[in-house]
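**Q** Based on what follows, work out the 3D shape:
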Amino acid sequence: MRIRSLRIALILPLLLAGFLSLSEGKVYLPKDEALQRAFPGADEIAAVNLYLTEEEMKEVTRSSGATVESGIYTFYAGKKGDKPLGFAAIEAATVRTLPETVMVVLNPDGTVRFVEILAFFEPEEYKPARRWLDQFGGKTLSRELRIGGEIQGISGATLSAQALARQVRKSAAMARLLLSRSRP
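**A** As a prediction, the model looks like this:
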């Protein structure tokens, strides 16, 4: 009887660990690999910190519909020689109760080049498909950059779609602010 209890005590944690690993999310792409994908062939990829005033934080919140919780926002800028290749923002947000991390890659003019999910911890069936993510390519920050506007919804993954669209709008609004500062 004691040996049976001991076996159960040893096997149960292994079964639970296996179950938990199946139900946990995934990290699909580490940051360094993601940035290489954002700027293939770049000579330089450097962090660019954007420091926001209270008014700028309110403006980004108003124009994107996403909450701006910090006055510091980091972009990664890629260059080939003197030629800018664009910007990438890595954004984390809560979908339903668990986080996702996406990378929004923008062209030098602020249009979205592509969006990549780097990590997703909600159940896999709620993860937006590549084809859905491709809708963001070529879009700029506007009132139509939302679900029901230029972006189609996802049946059964509404919260994932809304969270991701907010992250893209926030990155596009931050890029607009960054670009406005670099103009003479």
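
**Q** Regarding E91, what is its secondary structure?
**A** Under DSSP: H, G, I helix; E, B strand; the rest coil, E91 falls in the strand class.

**Q** what's the distance between M57 and E69?
**A** As judged by CB to CB, to the nearest Å, M57 and E69 stand 9 Å apart. In short, each C-beta sits where N, CA and C put it, glycine included.

**Q** and V112, what is it in contact with?
**A** V104, V105, L106, F136, G137, G138, K139, T140, V168, S171, A172 (CB atoms under 8 Å, 6 or more residues apart in numbering).

**Q** and P123, what are its phi and psi?
**A** phi -60, psi 140 (degrees, to the nearest 10).

**Q** does the residue most central in space within the chain sit in a helix or strand, and which one?
**A** For the chain, V102 is the residue whose C-alpha lies nearest the centre (CA atoms, centre = their mean; 1.8 Å). Element membership for V102 (DSSP states H and E) is strand 99-106.

**Q** pLDDT on that strand, on average?
**A** Per-residue pLDDT over strand 99-106 has a mean of 97.

**Q** name the helices or strands packed onto it?
**A** helix 31-38, strand 83-94, strand 112-120, helix 158-182 (3 or more CB pairs under 8 Å, 6 or more residues apart in numbering; DSSP states H and E).
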